[in-house]
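Peer 1: everything below, folded, please.
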Amino acid sequence: SPRRIGVVTSADAAALRDILRVLSARWPLVDVIVFATLVQGAEAPVRIVAAIETANRYSRDVAPIDTLIVARGGGSIEDLWAFNDEAVARAIAASAIPTVAGVGHEVDFTIADFVADVRAPTPSAAAATATPDRGEVIGQLRAVAQAMQQRAGRRLAQETRALAQTQRRLDLLHPQRRLDEQRQ
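Peer 2: Numbering: from 1, shown residues only. Sure, this is the predicted structure:
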């Protein structure tokens, strides 16, 4: 399960709020580090590349990042165009951190989607892809605890039977019993 997730997106976008909401609901133990960037316009590709590179440096030099989410909410094809930029695609492909692309909505595809390790149809889905569901994990832990309890119960019953059998054998070998037999 992830300890630290990096998010490359706009700091004031609905996409970031959606990602944080999903991460908080699914796996609240994760630390989230936002690498804020422009996500549209002429300057966006250079800024997105810089944010991805900063995330990789942070992961290498400060604290490991388990997954990097590169995200932007839906919009027109022109709004999403920065994620079709070759430099952005190369930065995602070169990232040492496993990357999930969550750009646009289900029907939107960008080059970033094809070079990322995983494509998610939306920013929220990217957050869900990057984390386990705590409800499922709790269910798995309960199943493991129940199996361990049953196994421990069987083992305890087995050892109790073995102890009783050993006690019966010891009773047969007890010196007092032999003395009683000899007296008779």
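
Peer 1: name the helices or strands packed onto whatever helix or strand residue 148 lives in?
Peer 2: Remark: residue 148 resides in helix 134-173, with elements defined by DSSP states H and E. Of the remaining helices and strands, none touches helix 134-173 by 3 or more CB pairs under 8 Å, 6 or more residues apart in numbering; DSSP states H and E. From N, CA and C alone the C-beta is placed, and that goes for glycine too.

Peer 1: buried sites along it?
Peer 2: When burial is assessed from 16 or more other CB atoms under 10 Å, helix 134-173 yields no buried residues.

Peer 1: tell me, how many residues neighbour the residue nearest to residue 81 when sequence neighbours are not counted?
Peer 2: Counting by CB to CB, 6 or more residues apart in numbering, residue 81 lies nearest to residue 40, which is 7.4 Å off, once chain neighbours are set aside. Applying other CB atoms under 10 Å, we find 19 residues neighbouring residue 40.

Peer 1: do the same with residue 99
Peer 2: Residue 99: 27 neighbours (other CB under 10 Å).

Peer 1: and for residue 23?
Peer 2: Residues near residue 23, counting by other CB under 10 Å, number 23.

Peer 1: and it, how far from residue 144?
Peer 2: Per CB to CB, to the nearest Å, residue 23 is found 24 Å from residue 144.

Peer 1: mind telling me what element residue 79 is part of?
Peer 2: Counting by DSSP H and E, residue 79 is found in no helix or strand.

Peer 1: next: residue 126.
Peer 2: helix 123-130.

Peer 1: so which elements touch that helix?
Peer 2: helix 14-26, strand 67-72, strand 99-103.

Peer 1: what's the first helix or strand after the second one?
Peer 2: Just to be clear, that refers to strand 67-72. Toward the C-terminus, strand 67-72 is succeeded by helix 86-94 as the next helix or strand (DSSP H and E).

Peer 1: could I get the buried residue list for that following helix?
Peer 2: 88, 89, 91, 92.

Peer 1: just the CA trace of that helix, in PDB.
Peer 2: The C-alpha trace of helix 86-94 is given here as PDB (Å, rounded to 0.1, in the frame of the first residue of the first chain):
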ATOM      1  CA  GLU A  86       6.100  15.600 -26.900                       C
ATOM      2  CA  ALA A  87       8.200  17.000 -24.000                       C
ATOM      3  CA  VAL A  88       5.400  16.100 -21.600                       C
ATOM      4  CA  ALA A  89       5.200  12.600 -23.100                       C
ATOM      5  CA  ARG A  90       8.900  12.100 -22.800                       C
ATOM      6  CA  ALA A  91       8.900  13.400 -19.200                       C
ATOM      7  CA  ILE A  92       6.100  11.000 -18.200                       C
ATOM      8  CA  ALA A  93       7.900   8.100 -20.000                       C
ATOM      9  CA  ALA A  94      11.200   8.900 -18.300                       C
END
